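Colleague: After the sequence you'll find the predicted model.
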Amino acid sequence: MVLITDVLPKSRADKVGILSGDTLVSINGREINDVLDYRFYINDTKLMLTLKTADGKSKLAMIRKDEFEDIGLEFETYLMDKQRSCKNKCIFCFIDQLPKGLRKSLYFKDDDSRLSFLFGNYITLTNLTDEEAERIIEMHISPVNISVQTMNPELRVKMMINPHAGESLKYLYKFAEAGIAVNTQLVLCPGINDGKELEFSIKELFKLYPAVQSIAAVPVGLTDHRDGLYPLEPYNEKTAAEVIDIIDRCNAEFEKEHGERIAFAADEFYI
């Protein structure tokens, strides 16, 4: 159930008597808990909305509309509930490297699958539950952008400092099997998940083609505000060239079989 904070004047919702302060319970019998439920189930041309009024009474509202027409409801936040924070303590986290004294919102670490669909954010999968993964598959929400870092489960646990980071890769395989398009990212840290580990990760992700549409390798970003954090070194000309060579070699093998390249090194490696 989600609280309606405003109803646009002369909208479909306004015309059937839906009011600010009503709570949206379901659409066509489907429970509404957040923006994904709402955006998915609102696309039918015939909608039966179950609501609760501000004083707790139940009411129904029937709306007929065009397939992708909005009905004019607004909610407290774009997600309709609280944004989900990250459960990881990644050794390369850029938020941990911010200077003090900035606005509070900059220090919030999000890891919300809904933001991947809405805004293109990358998620780590460690926040997903089995039920949420099944919902993504049922709604065929695609593409999903995933920060993989490594396909080695044990190394992923160490890099994210989360005991569930390795096992959560199962959702990547589930999405691929279900035909959900996936864009992946590898944040590379010198001597940790590059070299042979990078080659392993790329080749494992290649196996999930065509669901995996892209593999983006980006270098770890480091600031001067790393007191007490995991010791990391920046890439230099030699180590950056080694990353490019690995990606080019893997791509060449992949292109022979599939006729395209899907792994890419970030511009910083070339610069």
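Modeller: Nice, I can see it.
Colleague: what about Glu268, which SS state?
Modeller: Recorded secondary structure, Glu268: helix (DSSP: H, G, I helix; E, B strand; the rest coil).
Colleague: ok, Ser116 to Phe68 distance?
Modeller: Ser116 is 21 Å from Phe68, where distance means Cβ to Cβ, to the nearest Å. C-beta here means a position set from N, CA and C on the backbone, and glycine is covered the same way.
Colleague: So which of the two has more stuff around it?
Modeller: Legend: neighbour count by other Cβ atoms under 10 Å for Ser116 and Phe68, higher for Ser116 (20 against 8).
Colleague: what are the ranges of the helices in the stretch 51-200 of the chain?
Modeller: 113-119, 130-139, 153-160, 170-177, 195-206 (DSSP state H, counting those that start in this stretch).
Colleague: who does the shortest one touch, helix- and strand-wise?
Modeller: Counting contacts by 3 or more Cβ pairs under 8 Å, 6 or more residues apart in numbering; DSSP states H and E, the secondary-structure elements packed against helix 113-119 are helix 35-41, strand 144-147.
Colleague: if we go to 10 Å?
Modeller: helix 35-41, helix 130-139, strand 144-147 (3 or more Cβ pairs under 10 Å, 6 or more residues apart in numbering; DSSP states H and E).
Colleague: and these, which is most packed in?
Modeller: strand 144-147 (a mean of 22; mean count of other Cβ atoms under 10 Å).
Colleague: buried residues in stretch 67-81?
Modeller: By neighbour count on 16 or more other Cβ atoms under 10 Å, the buried set for stretch 67-81 is Ile71, Gly72, Leu73, Phe75, Leu79, Met80.
Colleague: Tabulate the helices of the stretch 51-200 of the chain (CSV), appending distance to Tyr230 and mean pLDDT.
Modeller: Converted to CSV, the helices of the stretch 51-200 of the chain look like this (distance: least, Cβ to Cβ, whole Å; pLDDT from 0 to 100):
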stretch, distance to Tyr230, mean pLDDT
helix 113-119, 26, 83
helix 130-139, 29, 92
helix 153-160, 9, 98
helix 170-177, 24, 98
helix 195-206, 16, 98
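Colleague: Now distance to Ile95 too, for the ones you listed, in a markdown table please.
Modeller: Compiled in a markdown table, those are given as follows (distance: least, Cβ to Cβ, whole Å):
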| stretch | distance to Ile95 |
| --- | --- |
| helix 113-119 | 15 |
| helix 130-139 | 23 |
| helix 153-160 | 14 |
| helix 170-177 | 23 |
| helix 195-206 | 23 |
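Colleague: Ends of stretch 147-156, what's the gap?
Modeller: 11 Å (Cα to Cα, to the nearest Å).
Colleague: closest one to Thr223 among the helices of the stretch 51-200 of the chain?
Modeller: helix 153-160 (18.4 Å; Cβ to Cβ).
Colleague: Return the list of helices and strands in contact with that closest one.
Modeller: Secondary elements touching helix 153-160 (3+ Cβ pairs under 10 Å, 6+ apart): helix 195-206.
Colleague: So for Phe40, which of the helices of the stretch 51-200 of the chain sits nearest?
Modeller: helix 130-139 (4.9 Å).
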